[in-house]
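Q: Below is the sequence, then the predicted model.
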Amino acid sequence: MRRLAQYLIVLSSLAISSATAHFTPRCHDARISASEVTTERDVKLFVECAAEFLAEVGPAEARRAFNEDVRWKHGATYVFVVEVGTSGVTSRRFVFPPIPSAEGKPRGAPLVDFGTDLYAEIYRAMDVVDEGWFYYSTPNPQTGNKEFKLSYVIEIDWNGTRAVIGAGLYARDLPGTCHASDVSASIVSASMNDLRLQEFVRCAAMMVESRGYFAKQELETNPRWSSGGTNVFVLDMMGNQVMSSNRLRINGIAPHEWGLESGAVQFGERDLTGVGEVFGEAFVYYRSYHPETWAYQPKVGFMKRVVAQGVSLLVGAGYFPDTQQAEQGATCSDDYATAPAVRSRDDIEAFVRCAVEYVAQHGEEEAHRAFTQDERWRHGPTYLFAFDKADSGFDSTPFVFPPDTTREGSTFGAIIDGFGNDFFFEIDRVLSLVDSGWIHYAFTNPATGLHEPKASYMVNINWNGTPAFIGAGVYERSLPGTCDPTEVSAALLESDQTEARLREFVNCAAYQVQSSGYFAGPVLTTDPRWKHGSIYVFAFDANTGEIVFSGNPASSAVSRRIPELLFGGRDMLAATAKFGSTTWYYNFNNPASGTVEPKLGFTRLVMAQGVPVIIGSGINAVSD
């Protein structure tokens with residue numbers, strides 16, 4: 001219960017707890033409504049905001065709001081409050097919007113998944129940490145189907161009873177899901193949005209990753225992978241197309257040869273395979289032939305890097321956006337983020353959307369002042385920039401550029417990045433196809449002084465009558481093309497034991513296994529980069545549960561008993577195999593101190609030479 005006091009704010013009119021610590025509310029920097037919850041980042045933020053709301057208004061008003069207000073309840077997204085108890089047989093549900101009549105009563109039966117009752121798992125984990133992720137399956141109130149769900153919960157006090165508040169996400173692109181009835185090319189063609197495209201490509205990527213080149217027949221014969229203008233393509237890292245669900249496409253041609261219009265190169269000579277190799281996942285924008293309209297039209301593509309049978313491949317697909325329909329996106333009131341809250345790509349889009357609204361409401365002069373001076377818009381390496389639109393940096397003038405305001409008002413000059421063309425040319429090309437989108441490039445990080453990969457979200461805007469764009473970006477540290485030893489290592493994780501650092505450490509170790517297979521084992525268990533103090537990497541065969549390697553040899557002695565010993569019988573391997581990546585809370589021996597201490601672990605599923613392997617590591621201190 002170490003963090004419980006963080007979420008109990010004492011108000012003069014409401015004494016909720018006498019042991020409350022002062023803290024900055026997370027919802028001060030970012031907040032989100034139920035209608036916008038689509039990612040893990042959204043779920044965690046949504047629950048943090050719900051915990052703060054409960055602390056402010058008390059259980060009675062919170063219960064009413066969680067059941068009635070659209071901010072807290074939308075479709076399959078809702079807030080729940082349950083008693084911390086040893087079983088679902090005895091644990092009461094205090095807030096449960098899908099069935100309000102069940103509130104105040106025990107659930108009545110164990111919710112058994114991965115070997116144990118979910119309520120027993122929450123009870124066990126809450127003795128180790130005060131908040132965290134949980135993995136299970138339950139009926140989706142929207143579909144009626146039993147689906148995999150991941151939920152984030154925070155320990156709270158509910159009218160004097162120990163409880164947790166939480167919310168979850170039914171994820172459709174997990175290794176254990178991707179059902180053809182839910183994820184298919186026909187659904188993407190009908191819905192035409194980025195979220196559907198992403199889940200479609202990720203499901204196709206998992207199929208290619210597990211079957212390798214044997215996926216070719218499946219892609220080319222199963223109508224699930226081809227509908228209208230949406231087709232799956234697979235590229236090797238030389239840019240050659242090796243598979244495609246579009247049977248009219250000739251395999252072996254490179255992306256720059258796709259659908260040429262008047263001799264123009266579709267991607268502005270940009271090295272798309274290089275983008276995919278570095279960023280792992282990336283959006284691409286281009287014009288392509290639409291088989292239903294017989295015309296070249298703007299197309300939104302998404303691609304994901306995988307390793308299949310030891311070979312790096314890019315799996316992708318796209319859709320033709322409906323240019324006749326005005327885009328009905330979320331507003332800043334639905335999904336709000338400030339510069340201090342930006343952690344990943346998931347945060348950037350909301351941040352930029354809020355900036356666009358700020359310009360519209362306050363005008364360009366006030367927006368310039370705020371974007372360059374106020375911490376809401378500028379914090380560390382996160383800032384907003386605005387330029388006029390031009391096809392070269394020699395012709396583009398910055399209106400807002402906080403890293404160096406002296407450059408505002410004069411042409412910026414060309415920036416040729418590592419992917420083959422001028423940064424401004426790429427923005428102009430993309431924003432001539434869509435009103436908003438992602439740019440993947442490399443730029444100097446003002447916080448480190450290093451040239452690092454960066455993903456930025458851009459939006460077309462009018463700036464004092466001039467066609468312009470506004471955007472912001474994030475430097476990501478755990479990308480396939482980064483993982484620099486000077487930035488990601490066991491020693492750095494040992495000195496800065498946070499969940500974010502742990503995830504990037506495991507992700508980078510996973511890329512090593514993806515590229516080197518079982519040959520990565522000796523390096524990951526002996527190289528000081530991967531083993532330092534209490535930090536080490538371990539790997540399990542996902543099929544057999546056998547330990548493949550471990551930087552802590554003593555841990556192999558208990559490898560067969562890990563579910564019983566560490567997780568109260570919960571099957572960590574099965575859960576990770578279904579969800580792709582999972583977070584765990586347990587007590588374990590710290591090799592640096594020789595004592596048993598609370599530990600947070602992170603695991604990730606990868607394919608190593610055709611075999612599913614679970615890579616993981618853990619930290620003894622939990623702080624983020």
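A: Received it, and whenever you're ready, just let me know what you need. Numbering: from 1, shown residues only.
Q: quick one, domains of the chain?
A: 4-170, 185-319, 335-475, 490-619 (automatic domain parsing).
Q: need those in TSV with mean pLDDT, distance to residue 481 and mean neighbour count, can you?
A: Every C-beta, even on glycine, is put in place using the N, C-alpha and C of the backbone. TSV is the format used below for those (pLDDT from 0 to 100; distance: least, CB to CB, whole Å; neighbours: other CB atoms under 10 Å):
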stretch	mean pLDDT	distance to residue 481	mean neighbour count
domain 4-170	85	22	19
domain 185-319	84	3	19
domain 335-475	91	6	18
domain 490-619	88	9	19
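Q: Format those domains as TSV; extra columns: distance to residue 484.
A: Formatted as TSV, the domains of the chain follow (distance: least, CB to CB, whole Å):
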stretch	distance to residue 484
domain 4-170	24
domain 185-319	12
domain 335-475	8
domain 490-619	9
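Q: so residue 426 is in which element?
A: Assigned by DSSP states H and E, residue 426 belongs to helix 423-431.
Q: For that helix, which outside residues touch it?
A: Contacts with helix 423-431, where a contact means CB atoms under 8 Å, 6 or more residues apart in numbering, come from 268, 270, 285, 387, 389-393, 395-396, 412, 414-417, 437, 439, 441, 443, 458, 460, 469.
Q: 6 Å instead?
A: 268, 285, 389, 391-393, 396, 415, 417, 437, 439, 441, 458, 460, 469 (CB atoms under 6 Å, 6 or more residues apart in numbering).
Q: Quick check: can you name the pairing partners of the next helix or strand after it and their directions?
A: Using DSSP H and E, the helix or strand that follows helix 423-431 towards the C-terminus is strand 436-444. The strands beside strand 436-444 in its sheet (DSSP bridges) come out as strand 451-463 (antiparallel).
Q: relative to helix 423-431, how tilted is the strand it pairs with?
A: If you take axes from the mean of the first three to the mean of the last three CA atoms, to 10 degrees, strand 451-463 sits at 60 degrees to helix 423-431.
Q: Tell me the strands beside the helix or strand that comes right after strand 451-463, with direction?
A: Once the chain leaves strand 451-463, the next helix or strand it forms, by DSSP H and E, is strand 466-475. Using DSSP bridges, strand 466-475 pairs in its sheet with strand 384-388 (antiparallel), strand 451-463 (antiparallel).
Q: Distance of the closest residue to residue 481 other than its chain neighbours relative to residue 606?
A: Closest residue to residue 481 apart from its sequence neighbours, by CB to CB, 6 or more residues apart in numbering: residue 278 at 2.9 Å. Noted for residue 278: a distance of 18 Å to residue 606, by CB to CB, to the nearest Å.
Q: again with residue 295
A: 41 Å.
Q: where's the helix holding residue 426 relative to the chain centroid, distance-wise?
A: 25 Å (CA atoms, centre = their mean, to the nearest Å).
Q: what does stretch 584-591 give?
A: Using CA atoms, centre = their mean, the mean C-alpha position of stretch 584-591 is found 26 Å from that of the whole chain.
Q: Show me what it is in contact with.
A: 125, 128-129, 132, 534, 552, 566-567, 572, 596-601, 620.
Q: again, but for stretch 303-311
A: 201-202, 205, 208-209, 212, 276, 280-282, 313-316, 480, 514, 609-610.
Q: quick one on the thing from earlier: what's the closest of the strands paired with strand 466-475 to residue 222?
A: Closest to residue 222 of the strands paired with strand 466-475 is strand 451-463 (CB to CB; 32.0 Å).
Q: got a pLDDT number for residue 326?
A: Note on residue 326: pLDDT of 46.
Q: what's the span of stretch 467-485, first residue to last?
A: 42 Å (CA to CA, to the nearest Å).
Q: which other residues reach that stretch?
A: 277-280, 305, 345, 348, 351-352, 355, 381, 384, 386, 388-389, 431, 445, 452-461, 487, 504, 507-508, 511, 529.
Q: same check, this time on stretch 515-530
A: 485, 489, 490, 509, 512, 513, 537, 549, 551, 608, 609.
Q: Now the terminal residues of it, how far apart.
A: 16 Å.
Q: again with stretch 88-104
A: 13 Å.
Q: now it: how far from the chain's centre is it?
A: 30 Å.
Q: Give the bridge partners for the closest residue to residue 63 other than its chain neighbours, please.
A: Closest residue to residue 63 apart from its sequence neighbours, by CB to CB, 6+ apart: residue 95 at 5.3 Å. Applying DSSP bridges to residue 95 gives these bridge partners: residue 81.
Q: picking up where we left off before, ok, the residue nearest to residue 481 - contacts?
A: Per CB under 6 Å, 6+ apart, neighbours of residue 278: 453, 479, 481.
Q: still on that earlier bit, now intersect the contacts of stretch 584-591 with the helices, please.
A: 125, 566, 572 (DSSP state H).
Q: Surely residue 282 is in a helix?
A: No. Assigned with DSSP: H, G, I helix; E, B strand; the rest coil, residue 282 falls outside any helix and is strand.
Q: Could you check how far it is from residue 201?
A: On the measure of CB to CB, residue 282 and residue 201 end up 11 Å apart.
Q: So which elements touch the helix or strand residue 120 falls within?
A: Per DSSP H and E: residue 120 is located in helix 118-125. The helices and strands touching helix 118-125, judged by 3 or more CB pairs under 6 Å, 6 or more residues apart in numbering; DSSP states H and E, number zero.
Q: Let's see that with 8 Å instead.
A: strand 131-139 (3 or more CB pairs under 8 Å, 6 or more residues apart in numbering; DSSP states H and E).
Q: which strands and helices sit next to the strand it packs on?
A: Under the contact rule (3+ CB pairs under 8 Å, 6+ apart), strand 131-139 is packed against strand 112-113, helix 118-125, strand 146-158, helix 572-579, strand 581-590.
Q: right, and these - which one's nearest residue 34?
A: Per CB to CB, nearest to residue 34 of those: strand 146-158, 13.8 Å.
Q: what angle separates that closest one from strand 131-139?
A: Using the same axes, to 10 degrees, strand 146-158 lies at 140 degrees relative to strand 131-139.
Q: Which strands border strand 146-158, and is each parallel or antiparallel?
A: strand 131-139 (antiparallel), strand 161-170 (antiparallel).
Q: relative to helix 118-125, how tilted is the longest one?
A: Which is strand 161-170. Using the same axes, to 10 degrees: strand 161-170 against helix 118-125 is 120 degrees.
Q: so how far is strand 161-170 off the chain centroid?
A: That offset, for strand 161-170, works out to 20 Å (CA atoms, centre = their mean).
Q: After it, which helix or strand is next? Please name it.
A: Defined by DSSP H and E, the subsequent element after strand 161-170 is helix 185-191.
Q: Which strands or helices does the next helix-or-strand element following that next one pack on?
A: The element immediately downstream of helix 185-191 (helix or strand, assigned by DSSP H and E) is helix 194-211. Secondary-structure packing of helix 194-211 (3+ CB pairs under 8 Å, 6+ apart): helix 185-191, helix 215-221, strand 295-308, strand 311-319.
Q: got the CA positions of helix 194-211 in CSV?
A: Presented in CSV, the C-alpha positions along helix 194-211 are these (Å, rounded to 0.1, in the frame of the first residue of the first chain):
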residue,chain,number,x,y,z
ASP,A,194,-5.7,4.1,-38.6
LEU,A,195,-6.6,2.0,-35.6
ARG,A,196,-8.2,-0.7,-37.7
LEU,A,197,-5.3,-0.6,-40.1
GLN,A,198,-2.8,-1.0,-37.3
GLU,A,199,-4.5,-4.0,-35.8
PHE,A,200,-4.9,-5.6,-39.2
VAL,A,201,-1.2,-5.3,-40.0
ARG,A,202,-0.1,-6.5,-36.5
CYS,A,203,-2.3,-9.6,-36.9
ALA,A,204,-0.8,-10.2,-40.4
ALA,A,205,2.7,-9.7,-39.0
MET,A,206,2.1,-12.3,-36.2
MET,A,207,1.0,-14.8,-38.9
VAL,A,208,4.1,-14.1,-41.0
GLU,A,209,6.3,-14.2,-38.0
SER,A,210,5.0,-17.6,-36.9
ARG,A,211,4.9,-19.2,-40.4
